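Colleague: My questions are about this predicted structure, shown below with the sequence.
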Amino acid sequence: MHRFEDLKIWDKAMEVAKMVYELSACFPQEERYGLTSQIRRSAVSVPSNIAEGAGRNTNGEFKNFLGIANGSSNELLTQLVLSYRLNFVEENKVLPIIENLKEVQKMNYSLIKSLIKTN
């Protein structure tokens, strides 16, 4: 079992989620129950799955939740690109979030590799 609050990846994913909430606040009102809701759920899913996995009893269970977090991060990346392509946001506002998200993905892969080595 790991303390998720001590994991740099969790902290970074929380920052990405915060950035997504701030970004999506400017989405069109008619997207409130569409892309706005979906992008926020994806953003919250990443650190949530990291935290849930960290609280599990085995590294195998932790790896499983990190895999789910990775899937959510890919979903979020897709939604960020779509929000740009739909002209909901400017490139200079979405790119920093994408860069931070890609860093979370790299950290996730590294953490998964380290858990595989410890089994």
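Modeller: That came through, no problem.
Colleague: what residue ranges in the protein score low on pLDDT?
Modeller: Low-confidence segments of the chain (pLDDT under 70): 1, 119.
Colleague: ok, now with 50
Modeller: Applying pLDDT under 50 to the chain picks out no residues at all.
Colleague: Could you pull out the helices in it for me?
Modeller: Assigned by DSSP state H, the chain shows helices spanning 8-24, 35-54, 59-85, 91-117.
Colleague: Now for the residue nearest in space to the middle of the chain: which residues touch it?
Modeller: For the chain, the residue sitting closest to the mean C-alpha position, by CA atoms, centre = their mean, is V46 at 3.6 Å. When contacts are counted by CB atoms under 8 Å, 6 or more residues apart in numbering, V46 touches A13, V16, A17, A69, S72, S73, L76, V104. (Each C-beta comes from the backbone N, C-alpha and C, glycine too.)
Colleague: how much space between it and K117?
Modeller: Taking CB to CB, to the nearest Å as the measure, V46 falls 23 Å from K117.
Colleague: Q105 too?
Modeller: With distances taken as CB to CB, Q105 is found 19 Å from K117.
Colleague: So for the two, which sits in the more crowded spot?
Modeller: Under the criterion of other CB atoms under 10 Å, the comparison of Q105 against K117 puts Q105 first, with 19 against 8.
Colleague: does the more buried one really touch N70, like I thought?
Modeller: Yes: using CB atoms under 8 Å, Q105 is in contact with N70, at 6.6 Å.
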